[in-house]
Every structure is written in C-alpha cells, then in structure tokens.
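Student: please find the sequence and the predicted model below.
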Amino acid sequence: MVAKLAVDLLAEKTVPEILSLVAREIETTLGHVAFSPVKVENNESCKASILAPLAVHPEHQQKKVGSRLIESGMKKLKEAGGNIVFVYGDPEFYGKFGFDADTANDFPAPYSLEYPFGWQALILKDWSDKTTPAATSCVSALSDPDLW
Ligand SMILES: CC(C)(COP(=O)(O)OP(=O)(O)OC[C@H]1O[C@@H](n2cnc3c(N)ncnc32)[C@H](O)[C@@H]1OP(=O)(O)O)[C@@H](O)C(=O)NCCC(=O)NCCS
C-alpha cells in the first residue's frame, strides 16, 4: 500500500510539485519520503503540504534515515516559503520533529480518521490570512478514504 501510494504520487502532476526525497547509499535505496501540496480552505496565501508516505527499508531502520529524510524535507519546504506541514501517523514518532495534534485541530483532515490522534501539523511560518477552522484537501493520490 505504501509503495503503491508512492508510485501514484510520483505519477501525479501538481502545483506546486510534489517534493520526493530518496535516501541512498551507493547503489542501495534506504528510504523515501514525499511531501505533496494541501489546499487549506479560505487560507489562500497558505502554502501547505502533507508528509506521506515515509518508508525506510527494514534493514536500515533505526539508523536515523527516516529522521534525515523528514529534516531535509522540512528544510526544503521552509526555504521554499512553506507555512504548514501535516502528517497522519504515530505521534510518538512525528512528535520528535515538532508535529502535534493541537496545531492540526484547527485544520480538519480531509476524511474521517481511523486514528484521530494521528492527525498532526507543524507550522513553519505563519501566514497573513490565517482563518480557522479551515478544511483541508489533498492531491488525487491521497484522496482515497481507505488511506485514512
Ligand atoms: C517509521 C520509520 C519511517 C522510521 O524510520 P527510521 O529511519 O527507522 O527512524 P529513525 O532511525 O530516524 O528514528 C528516529 C527516532 O524515532 C524512533 N522511532 C523509529 N520508529 C518508530 C516508530 N515506528 N514509532 C515510534 N518511534 C519510532 C527511533 O527509536 C528514534 O528515537 P530516538 O530519536 O529517541 O533515538 C520506519 O520504521 C518505517 O519505514 N516503518 C515502516 C513504514 C511506516 O511505518 N511509515 C510511517 C508511516 S506513518
């Protein structure tokens, strides 16, 4: 499911483009992360993204590969003027990078969630027309209620 999602995302043309990062060591792919654009209703100036999917090869987990993929992605988004990044995942893991559920509460997820506590966000930079609560919507590859 994660691999199919990554393939579907990479095939999709979006504005702005999906940010896709691969961690490699010589010929070996260690992990991958994608950040795709999110639309935040009534917040026209807000540049929002969602981190999904993230996967590290089982033989290379627990070696900070996932951390480095997240940190470089967030750095690139910040440099590009990004305002907020969403994620739907384990708070114990994503909390380490500053994501939290309180921040995401103002921006309901696009679908009803199996694990509502997993919907988290991190603000990179505030934006001028911030209006909450504001609904969110994702690119086509993530617009499948079964993923949520
Ligand atoms: C979750 C995943 C991406 C983590 O990648 P990783 O490279 O192994 O993680 P890191 O080595 O960077 O770990 C960073 C920290 O998170 C912790 N951590 C790792 N996986 C964790 C998990 N699943 N839950 C909670 N904490 C986790 C590590 O122990 C480490 O803690 P520390 O900073 O206190 O030492 C990886 O295990 C994976 O691909 N899992 C399968 C797919 C998946 O679950 N993707 C996430 C979907 S939301």
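Tutor: All right, it came through fine. Not measured: the values here are computed from a predicted model. Numbers count the residues shown, from 1 in each chain.

Student: Ala141 against Asp8, yeah?
Tutor: Yes. Judged on Cβ atoms under 8 Å, Ala141 makes contact with Asp8 at a distance of 3.9 Å. Bear in mind the C-beta positions are built from the backbone N, C-alpha and C, glycine included.

Student: if you count what's nearby, which of these two comes out ahead?
Tutor: Ala141 (22 against 14; other Cβ atoms under 10 Å).

Student: element containing Leu54, please.
Tutor: Under the criterion of DSSP states H and E, Leu54 resides in strand 48-56.

Student: now do the contacts for the residue in the chain that the ligand sits nearest to.
Tutor: Nearest residue of the chain to the ligand (Cβ to the nearest ligand atom) works out as Gly66 at 2.5 Å. By Cβ atoms under 8 Å, 6 or more residues apart in numbering, the contact set of Gly66 is Gly31, Val33, Leu54, Val56, Phe93.

Student: after the helix or strand where it lies, next one along is what?
Tutor: Here Gly66, judged by DSSP H and E, is contained in helix 65-79. The C-terminal neighbour of helix 65-79 among helices and strands, as given by DSSP H and E, is strand 84-88.

Student: on the pLDDT front, check the residue most central in space within the chain for me.
Tutor: Central residue check for the chain by Cα atoms, centre = their mean: the C-alpha nearest the mean position is that of Leu51, 1.4 Å away. Leu51 is assigned a pLDDT of 98 by the prediction.

Student: and it, what does it touch?
Tutor: Counting by Cβ under 8 Å, 6+ apart, Leu51 touches Val33, Ala34, Phe35, Ile70, Gly73, Val85, Phe86, Val87.

Student: right, and the fifth one touches Val33 too?
Tutor: Meaning Gly73. Yes. Between Gly73 and Val33 there is a contact under Cβ under 8 Å: 5.6 Å.

Student: need the overlap of contacts for those two.
Tutor: By Cβ under 8 Å, 6+ apart, the residues touching both Gly73 and Val33 are Leu21, Leu51.

Student: looking at this structure, which strand is longest?
Tutor: Longest strand of the chain, by residue count under DSSP state E: strand 28-40.

Student: ends of stretch 127-137, how far apart?
Tutor: End-to-end span of stretch 127-137 (Cα to Cα, to the nearest Å): 18 Å.

Student: quick one: mean pLDDT over it.
Tutor: 97.

Student: which residues are contacting that stretch?
Tutor: Surrounding stretch 127-137, the residues in contact under the criterion Cβ under 8 Å, 6+ apart are 38-48, 83, 86, 106-110, 143.
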